[in-house]
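J.: This is a predicted model, with the sequence first.
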Amino acid sequence: MSEFLQFLISGLTNGAIYALIALGFTIIYNTTEVINFAQGEFVMLGAMFMATFWGKLNWPLPLAFLAAVGLTAMVGILVERLAIYPARHADTITLIIITIGVSILLKGLAMFLWGKDSLPVPPFLGQEPFHLLSITLVPQSILVLATSILAVIGLETFFKRSIYGKAMRACSTNPLAARLIGIRVEPLVLFSFALSSGLSALAGAVIAPITFATYDMGTILGLKGFAAAVLGGLNSSTGAVVGGFILGILESLAAGFISSAYKDAVAFVLLLLMLFLRPQGLLGLKEIKKL
Amino acid sequence: MKYHYCGLLALASTVLFLGLFHHNDYHFNVFNIVGLQALVVLGLALLMGYAGQVSLGHAAFYGLGAYTSGILTTKFGWPPLAALWAAQVITLITALLIGLPSLRLKGHYLAMATLGFGVIVHVLFKEMIGLTGGPSGLVGIPPFSILGYQFLTSRAYFFLIWGVFLLALALCLHLAHSPFGRALLAIHDSEAATSSLGYNISHLKLEVFLFSASLAGLAGSLYAHFAMFISPTTFTFLYSVKFVTMVVIGGVASLWGALAGAIVLSILPEILTVFEDYDVVVFGLILVLTMIFVPQGLVRGLSKLFTHLRRSVLS
């Protein structure tokens, strides 16, 4: 039982990270219909900036955190302006390939700036593990969970209550109709890139003390976040969160009870099962058409 | 078609000329890899340009061909040709399992499914150590042989690989100009209109997908015998992306462009070695800039630029 709880906790920690990344995918998908394969690189950037500001330069934690998230959001804005906006009239598949190119480019630049070695990031609250019930916990993993839950709640409130959040939802339901009632779609797209890259950077910044920061950490995290987004339904932000947590827990249980060697395959087996059985995802809206 | 036959003839004579009069083993090795990649890209171009679907897992089909051939010949002592046919059967069955459910739907479900499939296959190559040799790879794959003739030199493989490529290109050109190819192009333009003419769209798409997976598997089988050593690091998501990039750079709806894309992207890393590890930055930059400024591909993009320049000079 304690073994099960231990796996559950580590699954929840990873799941929180996948949920944040999956949210990033859905935010951009909802405003542009683009699947942004550079999402994982934003996570990597968040972790890297954290390693520099907090690990190396010893800035105060809140400042380092804000700088990491803010700078990555600016990178997200630059990506939209320089790579997506000029090609906005191209078909979706062209845009998706552009994001893959951006991902390769960002990874290369990170290798250039930070080198190939893993950079250590000190934990935010000290390293002493503590015991609760019969399981061992690291303070950082509690922090990961708390931060993600706060971010998710904040985001949901933003989407449901604020006028900008409502405009974004309108835009995702029907861009043309949104334009007709006077919503300017273009700044919303820009904002969705900033929001999505900022969220991913947040995920990277809180997970960095556990995983360390490496220039190529983004690819697999991004792909798993994508699997989580499809699992929950690409157009549903609640679905993204649910999908992220389900993926994290199943992955951790599979690694613990079946085989840790095949851990990385779990996400993609789920992805395939979902595409074949319920392509719109667990909570996605039905927009699937049969040929 | 007449114009295409001239092209095929020109390519065949270039291959013959190089094969007979060129003497540099290193160059032959590079040509062979270009040929194998061109074979994969050819099928992918047919899928992307004609059926309008993307596969992000073609490196996995390439790997499936390579590993099936490699395992059957080294661990079970099968003759290479029999192993190649077995690899074709396995590749086709896998492609059918992926394609059947995802091509029923409208949208880019094939791209997502093949992406997931590619990562799973990579993990299997790495972890099924008893069969695949794990991360350190599968060694000692025997040379390819047909009817007692063994292919031992890079030059012999050059003739084999480019011979196969020429046949495949001729076949693809015929397919593209057959009623089948025209139906595919029609799908690309309007699915509703094509199905109103009585075509079964998901069937047509599935057939192209199976064909392109089979070409990738074939290239993989040949690669295993040519390289004599295969390891999981070759067959990654990034390699699948590289195949897609080759199609895109060559110009999506052009089979000759597929060849051009494979050549450009295979030679490019050799030139980019001056940038050492940072060649990926340049690679990414080229991909993004091509898609933004010349989404119809470098070949057509450059010729368009050329006519544009000539017109502006003349006027």
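T.: Good, I have the coordinates. Residues are numbered from 1 along each chain as shown, chains lettered A, B, ... in the order given.
J.: give the contact list for residue B:34.
T.: B:262-263, B:266-267 (CB atoms under 8 Å, 6 or more residues apart in numbering or on different chains). Backbone N, C-alpha and C define where each C-beta goes, glycine included.
J.: Mind doing that once more with 10 Å?
T.: Taking CB atoms under 10 Å, 6 or more residues apart in numbering or on different chains, we find residue B:34 in contact with B:161-162, B:165, B:259, B:262-267.
J.: okay if I get the residues you listed as a markdown table plus pLDDT, distance to residue A:69 and secondary structure?
T.: Formatted as a markdown table, these follow (pLDDT from 0 to 100; distance: CB to CB, whole Å; DSSP: H, G, I helix; E, B strand; the rest coil):
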| residue | pLDDT | distance to residue A:69 | secondary structure |
| --- | --- | --- | --- |
| B:161 | 93 | 50 | helix |
| B:162 | 93 | 53 | helix |
| B:165 | 94 | 50 | helix |
| B:259 | 88 | 46 | helix |
| B:262 | 88 | 41 | helix |
| B:263 | 89 | 43 | helix |
| B:264 | 85 | 39 | helix |
| B:265 | 83 | 36 | helix |
| B:266 | 82 | 40 | helix |
| B:267 | 81 | 41 | helix |
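J.: and residue 255, how many neighbours does it have?
T.: Chain wasn't specified; assuming chain A. Close neighbours of residue A:255, defined as other CB atoms under 10 Å in any protein chain shown, add up to 19.
J.: hmm, I had chain B in mind actually
T.: Residue B:255: 22 neighbours (other CB under 10 Å).
J.: Tell me the confidence at residue B:308?
T.: As predicted, residue B:308 sits at a pLDDT of 78.
J.: tally of neighbours for it?
T.: 10.
J.: and what of residue A:34?
T.: 21.
J.: now do residue A:262
T.: Counted with other CB under 10 Å, residue A:262 comes out at 17.
J.: Need phi/psi at it.
T.: Torsion angles at residue A:262 (phi, psi; degrees, to the nearest 10) stand at phi -100, psi 10.
J.: and it, how far is that from residue B:64?
T.: 18 Å (CB to CB, to the nearest Å).
J.: Residue A:78 now?
T.: 39 Å.
J.: My understanding was that residue B:41 contacts residue B:254; is that so?
T.: No - counting by CB atoms under 10 Å, residue B:254 is not a contact partner of residue B:41; they are 11.1 Å apart.
J.: Do a quick rundown of the helices in chain A.
T.: Counting by DSSP state H, chain A has helices at residues A:2-32, A:39-50, A:61-79, A:92-114, A:139-161, A:163-173, A:175-180, A:185-211, A:218-232, A:237-257, A:263-277.
J.: excluding its backbone neighbours, what's nearest residue A:251?
T.: With sequence-adjacent residues excluded and distances taken as CB to CB, 6 or more residues apart in numbering or on different chains, residue A:251 is closest to residue A:266, at 4.5 Å.
J.: The one you found: neighbour count?
T.: Neighbour count for residue A:266, taken as other CB under 10 Å: 22.
J.: Could you measure from it over to residue B:119?
T.: 10 Å.
J.: Find the residues that touch each one of those two.
T.: With CB under 10 Å, 6+ apart as the test, residue A:266 and residue B:119 both reach A:224, A:227.
J.: Can you check the pLDDT for residue 183?
T.: In the absence of a named chain, chain A is used. 87.
J.: my question was about chain B
T.: Residue B:183 is given a pLDDT of 85.
J.: who are the neighbours in contact with it?
T.: By CB under 10 Å, 6+ apart, residue B:183 lies in contact with B:50-51, B:194, B:197-201, B:204.
J.: low-scoring stretches of chain A, by residue?
T.: Applying pLDDT under 70 to chain A picks out residues A:285-291.
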